[in-house]
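Asks: sequence plus predicted model, see below.
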Amino acid sequence: MRKAHAMFRAVVSTAVLALAALAIPGAGPAAAAPQHPEPGNYCTPKEEFYGSGGYIFTDAWVCLKVYDTGLVQAWLETDRNTYYWGASWWNSTPGYPSSVRATGTVSKQGEKVFDYEASAQQESRAAQHFGGSGELNECGAYTVTFNYYQVGAYHGSDRAIDAAERTYQVQVNCAAN
């Protein structure tokens, strides 16, 4: 009987403490503070794009470069930026550059963090182009929209890449505390 009485008091004490925590502001567990993002590069998947008629080609993707201050920069990255001419594929060069542009939005849970636009003349097979910056206050899943447009190299706007908008989820890791 003593054992049952002791267990009853323990259960009642626990219930009273739980109710007190709910009733007294600040007595319960503190609300979890958002975790800060881990510095690093977080990228959308690399995608292959062909221009009209298949005469120009590139791989393109967007990376979010996160710094320890919470600053994030959007960068358009390209590789295999090439054009077809004379039965061969050729890289973009200073003599035959391409004009590239990527635009989009970075958001978290439906709230826009920032818009970006990277626009440049590319004179090489691969390059990185700055697109804008914002601030990430927490880690987690971010939605990145991506529109890509390219004219050249060598060929004009009738052979352009004009890709429809893509939407990606980019997971930004949490920093170790």
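Replies: Done, it's in.

Asks: tell me the strands beside the longest strand along the chain, with direction?
Replies: Taking DSSP state E as the criterion, the chain has its longest strand at strand 71-85. Taking DSSP bridges as the criterion, strand 71-85 forms sheet pairs with strand 56-66 (antiparallel), strand 88-91 (antiparallel), strand 127-135 (antiparallel).

Asks: off-centre distance for the second one?
Replies: If you compare the mean C-alpha spot of strand 88-91 with that of the full chain, they lie 31 Å apart, counting by C-alpha atoms, centre = their mean, to the nearest Å.

Asks: buried set for that strand?
Replies: Applying a neighbour-count criterion of 16 or more other C-beta atoms under 10 Å, one finds N91 buried in strand 88-91. Yep, even glycine has a C-beta here, placed from its N, CA and C like the rest.

Asks: confirm that G53 sits in a helix.
Replies: Yes: with DSSP: H, G, I helix; E, B strand; the rest coil as the criterion, G53 is assigned to a helix.

Asks: which ones are touching the residue lying closest to it once chain neighbours are set aside?
Replies: Counting by C-beta to C-beta, 6 or more residues apart in numbering, R159 is the residue found nearest to G53 once chain neighbours are left out, at 5.6 Å. R159 sits next to G51, S52, G53, Y55, I56, V151 when contact means C-beta atoms under 8 Å, 6 or more residues apart in numbering.

Asks: need those in CSV (columns: distance to R166).
Replies: Shown next, in CSV, are the contacts of R159 (distance: C-beta to C-beta, whole Å):
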residue, distance to R166
G51, 17
S52, 18
G53, 22
Y55, 22
I56, 18
V151, 19
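
Asks: ranking these by neighbours, who comes first?
Replies: The member of those surrounded by the most neighbours (other C-beta atoms under 10 Å) is I56, with 26 neighbours in all.

Asks: do you know how far that one is from E77?
Replies: Relative to E77, I56 is positioned 17 Å away (C-beta to C-beta, to the nearest Å).

Asks: check G95 too.
Replies: Taken as C-beta to C-beta, the span from G95 to E77 is 23 Å.

Asks: more neighbours, the two?
Replies: Using other C-beta under 10 Å as the criterion, G95 and E77 rank with E77 on top: 19 against 8.

Asks: verify the stated contact: that one with W61.
Replies: Yes: here E77 reaches W61: they are 5.5 Å apart, a contact under C-beta atoms under 8 Å.

Asks: show me the shaky parts of this protein.
Replies: Where the chain drops to pLDDT under 70, the residues are 1-33, 177.

Asks: thinking again about what came up before, overlap in contacts of E77 and W61?
Replies: C43.

Asks: quick check: bridge partners of I56?
Replies: Applying DSSP bridges, one finds that I56 bridges with Y83.

Asks: that one contacts S157, correct?
Replies: No: taking contacts as C-beta under 8 Å, I56 lies outside contact range of S157: 10.8 Å.
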